[in-house]
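Colleague: After the sequence you'll find the predicted model.
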Amino acid sequence: KGVMVAGLGTFAMVQKHVFSTREVVVARRPIFQLAIDKFWLQGLECPTEIIPDDAKVKPLNFQELSGACGFPRRMVETCVRETILLYSFQLRDGKHFSFAFQDIGVLACKGNVLCMQFFSHCITGLESTASPIALV
């Protein structure tokens, strides 16, 4: 499954084959495919993450998000859109703030590279049955 956040990008899970000396392990790992317009990125590079064509990607469900946080749907949608716009303006102006996603990770600039760094508990939570080699 994947979630597309309009103006920002898509979060998805992909399967990755991990080869060890004894076995091949298939593990799931999170990826983030950035969708911020190049106009806002002013000299920043972004790793290219490709989400497979067969991945099921849905738009962010503002109704579900509204129910989870207790704010009206319209307010939640406006807040998300304005936050993404504000972050885009900051990137354009050369202010490289980190953008944290609770329990997922941080979208951050390292030098001139803007990339998503997933929290270790997010990764291990996806693949609780995987061997330690797959989690590495």
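Modeller: Received, thanks.

Colleague: Low-confidence stretches in this protein?
Modeller: The chain contains residues with pLDDT under 70 at 127-136.

Colleague: ok, now with 50
Modeller: Counting by pLDDT under 50, the chain has low-confidence residues at 131, 133-136.

Colleague: Run through who's touching the lengthiest helix in it.
Modeller: When the chain is parsed with DSSP state H, its longest helix is helix 73-92. Helix 73-92 is contacted by residues 5-8, 36-37, 39-42, 44, 60, 62-63, 65-66, 69, 71, 96-97, 99, 114 when judged by Cβ atoms under 8 Å, 6 or more residues apart in numbering. Every C-beta, even on glycine, is put in place using the N, C-alpha and C of the backbone.

Colleague: Please apply the same query to stretch 119-126.
Modeller: Taking Cβ under 8 Å, 6+ apart as the rule, stretch 119-126 contacts 13, 28-30, 103-106, 135.

Colleague: Going by neighbour count, which residues of that stretch are buried?
Modeller: 119, 123 (16 or more other Cβ atoms under 10 Å).

Colleague: just how off-centre is that stretch within its chain?
Modeller: 13 Å (Cα atoms, centre = their mean, to the nearest Å).

Colleague: How many neighbouring residues does Leu91 have?
Modeller: Using other Cβ atoms under 10 Å, Leu91 has 22 other residues around it.

Colleague: Use 54 as the first number for this chain going forward.
Modeller: Sure thing, new numbering starts at 54, so read that last one as Leu144.

Colleague: hang on, Val166 packs against Leu94?
Modeller: No - between Val166 and Leu94 there is no contact under Cβ atoms under 8 Å: 10.6 Å.
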